[in-house]
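Asks: everything below, folded, please.
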Amino acid sequence: MEAPFDELDGVISVISGYTGATGKPNPTYADYAQKGHLEAIQITYDPAKISYTRLLEGFWRQIDATDSGGQFVDRGPQYRTAIFYHDDRQKKLAEESKQELERSGVFTKPIVTEILPASTFYKAEDYHQDYHRKSARKYKNYRLNSGRDQFLNKVWGAACALPSAKEKDNISEKPAREELKKKLTPLQFKVTQENATEKPFENAYWNNKREGIYVDIVSGEPLFSSLDKFDSQTGWPSFSRSLEPKNIKTEEDETLFTPRTEVKSVQADSHLGHVFNDGPQPTGLRYCVNSAALRFIPKADLEKEGFGEYKKLFGQ
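Replies: Numbers count the residues shown, from 1 in each chain. Below is the predicted model:
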């Protein structure tokens, strides 16, 4: 797991080691499993350059979160997946990240990754450090034959690559409020910045049947695909899943008598709508989204608009 994080802007160091068992000090490669430890990596990072949330997003995209017996060809409890938190904030963010992944429908089986308090981390032997560089050929053969990359590509596609501090040139930072008032229409501003709701059946995309993707009107983050759009008969665009779970976050909304789950974009923090548990299978979700928060990019324009990696979704 060193390799995927090692090159990220903002990551200072990635150390391989063992952790997880209390009262079992100084494990070695020969006895760490017997002592009850897990193989782990310890990441030191600069929060000014990369956030803990982005590291979590990257972690999910490097594992099979549904496998309780190990990971790919590496079998045994010492290879099971876990996130070790160092404080209450990390615990909360890890739990929220796991919940968002569960709601996204990326995995059809239950997510079994544990979220545990960090215990003493023991650095592994020197020959384990930077193994992907020191023994590049062996590491490449291991990855090729482990089934990991094949699984990740099947589940995540192009999104299995870890996010950098700025993932795409066509995804922009959120402008200042006054700039947004100039950039957006009054309705777009009220919906995305003030949590307003547009009128049903009187919006741009509720009945849009064209193939393509929907991105955030403010930042351009990819959010939804026409492949997951369905007619909910509500008068708003509805989707059974998000196109990129890493670009979606949820918050509890108690502005009405019945609590709801608000859906927002990660980069722009735009209010998009709400998600409900009455959608079609296999996810059972209904993302009810305001057209005013979205920009539709038809499949024919994906390459031109800088989203060429999504052409394969539509057989192009």
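Asks: quick one: low-confidence residue ranges for the protein.
Replies: Scanning the chain for pLDDT under 70 picks out 158-175, 256-257.
Asks: scan it for its longest helix.
Replies: Across the chain, the longest stretch assigned as helix under DSSP state H is helix 88-104.
Asks: so how far is whichever helix or strand comes after that one off the chain centroid?
Replies: Counting by DSSP states H and E, the next helix or strand C-terminal to helix 88-104 is strand 114-117. The chain centre lies 18 Å from the centre of strand 114-117; the measure is C-alpha atoms, centre = their mean, to the nearest Å.
Asks: same thing with stretch 241-249?
Replies: Centroid displacement of stretch 241-249 relative to its chain, using C-alpha atoms, centre = their mean, is 7 Å.
Asks: check stretch 275-294 too.
Replies: In terms of C-alpha atoms, centre = their mean, the centre of stretch 275-294 is set 17 Å apart from its chain centre.
Asks: first vs last residue of that stretch, how far apart are they?
Replies: In stretch 275-294, first residue to last residue: 16 Å (C-alpha to C-alpha, to the nearest Å).
Asks: buried set for stretch 111-127?
Replies: Thr113, Ile115, Ala118, Thr120, Phe121, Tyr122, Ala124 (16 or more other C-beta atoms under 10 Å). (Each C-beta comes from the backbone N, C-alpha and C, glycine too.)
Asks: what helix or strand is Lys190 located in?
Replies: Per DSSP H and E, Lys190 falls inside helix 186-194.
Asks: swap in Leu8?
Replies: Here Leu8 sits in a region with no helix or strand, counting by DSSP H and E.
Asks: now it: how far from Asp149?
Replies: Applying C-beta to C-beta, to the nearest Å, the value for Leu8 to Asp149 is 18 Å.
Asks: one more: Tyr142?
Replies: From Tyr142 to Asp149 the distance is 11 Å (C-beta to C-beta).
Asks: with Lys312 instead?
Replies: 17 Å.
Asks: now swap in Cys288 and tell me
Replies: 36 Å.
Asks: between the two, which one's more packed in?
Replies: The neighbour count for Cys288 versus Asp149, taken as other C-beta atoms under 10 Å, is higher for Cys288 (23 against 13).
Asks: quick check: that one is in a helix.
Replies: No: with DSSP: H, G, I helix; E, B strand; the rest coil as the criterion, Cys288 is strand rather than part of a helix.
Asks: quick check, it in contact with Gly273.
Replies: Yes: applying C-beta atoms under 8 Å as the test, Cys288 and Gly273 come out as touching, 4.8 Å apart.
Asks: what is in contact with the two at once?
Replies: Common neighbours of Cys288 and Gly273, using C-beta atoms under 8 Å, 6 or more residues apart in numbering, are Trp236.
Asks: quick one: contacts for Glu39?
Replies: Residues counted as contacts of Glu39 (C-beta under 8 Å, 6+ apart) are Ser16, Gly17, Tyr18, Tyr32, Gln78, Tyr79, Ala124.
Asks: how about stretch 66-75 as CSV, C-alpha atoms only?
Replies: Extracted in CSV, the C-alpha atoms of stretch 66-75 (Å, rounded to 0.1, in the frame of the first residue of the first chain):
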residue,chain,number,x,y,z
THR,A,66,-16.0,-6.3,1.5
ASP,A,67,-13.3,-8.9,2.1
SER,A,68,-13.0,-10.0,5.7
GLY,A,69,-10.5,-12.7,5.1
GLY,A,70,-7.6,-10.7,3.7
GLN,A,71,-6.9,-8.8,0.5
PHE,A,72,-6.8,-10.5,-2.9
VAL,A,73,-4.0,-13.2,-2.9
ASP,A,74,-2.9,-12.2,0.6
ARG,A,75,-5.1,-14.3,3.0
